[in-house]
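Trainee: Sequence first, then the predicted structure, then my questions.
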Amino acid sequence: MAWLKIIVFSFLVLALGVMGFDTTIALVKLPIDILLTLLIGITGLALLVWLVAVDHSVSKIWKFCEPYCKGWSLYLFEPEIRVKDENCEGFKALSHEQKIKVLQKKYASVPRKFESRVRLRWIVVSGLVSFGVLLLLWQFGQMNTVDTRVFSAAVALLVGAPVALMVWYFRDQNNIRELERQHHDVTLKEFQKLQEWATGNISDGYEDGKKTKRVETLQISALHSLRTYLRGEFGEIFKRSAFEVFVSVLSVEHYEILKYITENSKNPSNFEIQWQIEHRPLARQINQIASEEWFNLLMNHSYSLRGISLLGVSLKNTYLVNLDFTASTMQGVCFEGAELENIDFTRCLLFNADFTNARLKYCNFLVANLISASFLRARFDSVLFKSAEMQLCDFALVKSKHSYFSETMLQATNWDGFSTNEDVFRGCDFSGAFAVFHVKSFKDVVLTRIGKPADVEPLKRLNGKGNKFDSYSLDDARSWLHI
């Protein structure tokens, strides 16, 4: 369809050129070869404008020429990315750089800048057009013996134009700097006020040591207003400060929730955490902001994320790469359908975290607390679970390869449908685990009270030819296996 538009457009340009051909010769009386050259040039320029600016069909040309143009880095010839967001099917097939571009286009903002480049370009283009017109008129005068002195004023103006242009450009740059300073001062005052409100630093806003409803309402409003600063719309300085505000509010609110649950519940559950979040307006709103602004809060910067609190935050279907969450509070976080690559979860609190359908690659869960976490239908690739607490975890229908479980607490875990490829389990405790017979590589493993008596037949195959054992212990399961 795009090529059909190009062909139609080309024919229209040619038709208009032919219609005005005789008139052009009569008025200008230029040689026919010059006119043909001009006509071909105009048609080619029109086609180029159509390809690049209107129909974006240059990507199709690039796909055709790509095998012959390896190593080119011209931005003009980059294929257009036609993926709208991370939920599209084509998103997974993109490279890391292309994925970041898509996410930046959706979530981030371009800083506001006063620039004169666009105006300068239009001035240069108009100057070139004027020069072309003057050249045509000059040639017309030469052919018709017209006194060329009539063009002297135009020539003088054209010669002095570059000097005038440079003077205007430097004055315009000075004006732009002045405008930027004024804009920065106004933005700074506004940001400082929003920062005070967002952190609850409001005079006469407390009664008996507790926040009034007015303070909480102002905090929520200020936090939503700070989202534009977090996206980078006002520059990197305000972006960093907004990030620190959000991290601080998340930490304070989540600490209050965990403190209340610890003092009033012997066995805190994910349901209780979510209930507390839903019934605290400020906690609910800050979690909502963290979920919606996940890219700007976690990915679109180089700030440290160590120790961040993301209690109960939904990171469903997100794309997280090269992040360090060491010692972070992440109970009840939802990573359902997320793509996690090269993430460090060392010493993280991931109690009741949801990794359903997640894709984990080169992730590190060293000494992490993953009790009751769900990995249903997840994909593991070179994931390290060394000394992690993973009691009551659900590994049903997981597909794993090259993962390493070392001295991991795997009591009462579910392995139904677990598919392994060169995984290693060394020094792990599978006491009370269900369907461990799907696992094929064991080293120094404790297999105590596995499953239930109904699993006797599958357990007999556990010591078969397809499994690898090294100093294993079956304890209570010996009577089932008759060994």
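Mentor: Yep, that arrived. Since the structure is predicted, the reported quantities are computational estimates derived from the model, not experimental observations.
Trainee: Could you check stretch 277-290 and say which residues are buried?
Mentor: Residues of stretch 277-290 classed as buried by neighbour count (16 or more other CB atoms under 10 Å): 277, 280, 282, 283, 284, 285, 286, 287, 288, 289, 290. Where you see a C-beta, it was placed from the backbone N, CA and C, and this is true even at glycine.
Trainee: From the residues you listed, which land in strands?
Mentor: Judged by DSSP state E, those include no members of strands.
Trainee: For the residues you listed, could you give me CSV that also reports pLDDT?
Mentor: Formatted as CSV, the buried residues of stretch 277-290 follow (pLDDT from 0 to 100):
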residue, pLDDT
277, 92
280, 93
282, 93
283, 94
284, 95
285, 95
286, 96
287, 96
288, 95
289, 96
290, 96
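Trainee: what's the closest of those residues to residue 86?
Mentor: Each of the buried residues of stretch 277-290 was checked against residue 86 using CB to CB; the closest is residue 290, at 16.4 Å.
Trainee: What residues does the closest one make contact with?
Mentor: Counting by CB atoms under 8 Å, 6 or more residues apart in numbering, residue 290 touches 246, 250, 297, 310, 313.
Trainee: again, only this time at 6 Å
Mentor: Shown in contact with residue 290 (CB atoms under 6 Å, 6 or more residues apart in numbering): 297, 313.
Trainee: And it, how far from residue 249?
Mentor: Residue 290 sits 10 Å away from residue 249, going by CB to CB, to the nearest Å.
Trainee: got it, and residue 300?
Mentor: In terms of CB to CB, residue 300 sits 19 Å off from residue 249.
Trainee: Then residue 367?
Mentor: Counting by CB to CB, the gap from residue 367 to residue 249 is 28 Å.
Trainee: ok, the two, which is more surrounded?
Mentor: residue 249 (24 against 16; other CB atoms under 10 Å).
Trainee: Any figure for the gap between that one and residue 220?
Mentor: 10 Å.
Trainee: Contacts only, for residue 230.
Mentor: Per CB under 6 Å, 6+ apart, neighbours of residue 230: 242, 293, 296.
Trainee: switch to 8 Å and redo it
Mentor: Residue 230 neighbours (CB under 8 Å, 6+ apart): 239, 242, 243, 246, 293, 296, 297.
Trainee: in terms of contact, does residue 369 touch residue 345 like I think?
Mentor: No - with contact defined as CB atoms under 8 Å, residue 369 does not count as touching residue 345 (9.8 Å).
Trainee: between those two, which one's more packed in?
Mentor: More crowded of residue 369 and residue 345, by other CB under 10 Å: residue 345, with 29 against 21.
Trainee: Please determine how far the more buried one is located from residue 402.
Mentor: Separation of residue 345 from residue 402 (CB to CB): 18 Å.
Trainee: Would you mind writing the CA trace of stretch 97-109 as CSV?
Mentor: The C-alpha atoms that make up stretch 97-109 are tabulated as CSV, following Å, rounded to 0.1, in the frame of the first residue of the first chain:
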residue,chain,number,x,y,z
GLU,A,97,18.4,-1.0,23.0
GLN,A,98,15.2,-1.0,21.0
LYS,A,99,13.2,-2.1,24.1
ILE,A,100,14.6,0.9,26.1
LYS,A,101,13.7,3.2,23.2
VAL,A,102,10.1,1.9,23.3
LEU,A,103,9.8,2.3,27.1
GLN,A,104,11.4,5.8,27.1
LYS,A,105,8.9,6.9,24.4
LYS,A,106,6.0,5.6,26.5
TYR,A,107,7.0,6.5,30.1
ALA,A,108,9.7,9.2,30.0
SER,A,109,9.5,12.8,29.0
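Trainee: Low-confidence regions, the protein specifically.
Mentor: 1-85, 87, 89, 110-163, 165, 204-210, 266-268, 435-483 (pLDDT under 70).
Trainee: care to break it down by domain?
Mentor: 1-80, 111-183 (automatic domain parsing).
Trainee: who does the helix ranked longest in the chain touch, helix- and strand-wise?
Mentor: Across the chain, the longest stretch assigned as helix under DSSP state H is helix 152-198. Using 3 or more CB pairs under 8 Å, 6 or more residues apart in numbering; DSSP states H and E, the elements in contact with helix 152-198 are helix 117-143, helix 213-225, helix 236-264.
Trainee: got a list of what residue 312 touches?
Mentor: Counted by CB under 8 Å, 6+ apart, residue 312 has contacts 254, 270, 273, 274, 277, 287, 331, 332, 333.
Trainee: at 10 Å what do you get?
Mentor: 254, 257, 270, 273-278, 283-284, 287, 290-291, 330-334, 352 (CB atoms under 10 Å, 6 or more residues apart in numbering).
Trainee: mind checking the SS state of the residue lying closest to it once chain neighbours are set aside?
Mentor: Leaving aside its sequence neighbours, residue 312 sits nearest to residue 332 (CB to CB, 6 or more residues apart in numbering; 4.4 Å). Following DSSP: H, G, I helix; E, B strand; the rest coil, the label given to residue 332 is coil.
Trainee: Correct me if wrong: residue 332 contacts residue 309.
Mentor: No - applying CB atoms under 10 Å as the test, residue 332 and residue 309 come out as separate, 11.5 Å apart.
Trainee: which residues are in contact with both of these two?
Mentor: Shared contacts of residue 332 and residue 309, counting by CB under 10 Å, 6+ apart, come down to residue 349.
Trainee: secondary structure element for residue 343?
Mentor: strand 339-344 (DSSP states H and E).
Trainee: likewise residue 104?
Mentor: helix 96-107.
Trainee: ok and that helix relative to strand 339-344, angle-wise?
Mentor: Relative orientation of helix 96-107 versus strand 339-344 (axes from the mean of the first three to the mean of the last three CA atoms, to 10 degrees): 100 degrees.
Trainee: What are the buried residues along helix 96-107?
Mentor: 98, 99, 100, 102, 103, 104, 107.
Trainee: do stretch 419-435 as well
Mentor: Buried residues in stretch 419-435 (16+ other CB under 10 Å): 420, 423, 425, 426, 428, 429, 430, 431, 432, 433, 434, 435.
Trainee: what's the answer for stretch 240-260, then?
Mentor: For stretch 240-260, using 16+ other CB under 10 Å, the buried residues are 241-243, 245-247, 249-251, 253-254, 257-258.
Trainee: Adding distance to residue 185, write those out as TSV.
Mentor: Output for the buried residues of stretch 240-260, formatted as TSV (distance: CB to CB, whole Å):
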residue	distance to residue 185
241	15
242	18
243	22
245	20
246	24
247	26
249	26
250	30
251	31
253	32
254	35
257	39
258	41
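Trainee: Which strands or helices does the helix holding residue 104 pack on?
Mentor: strand 319-324 (3 or more CB pairs under 10 Å, 6 or more residues apart in numbering; DSSP states H and E).
Trainee: And the strand it packs on, what does it pack against?
Mentor: helix 96-107, strand 339-344.
Trainee: can you list these in JSON lines and add distance to residue 263?
Mentor: Output for the helices and strands packed on strand 319-324, formatted as JSON lines (distance: least, CB to CB, whole Å):
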{"stretch": "helix 96-107", "distance to residue 263": "38"}
{"stretch": "strand 339-344", "distance to residue 263": "31"}
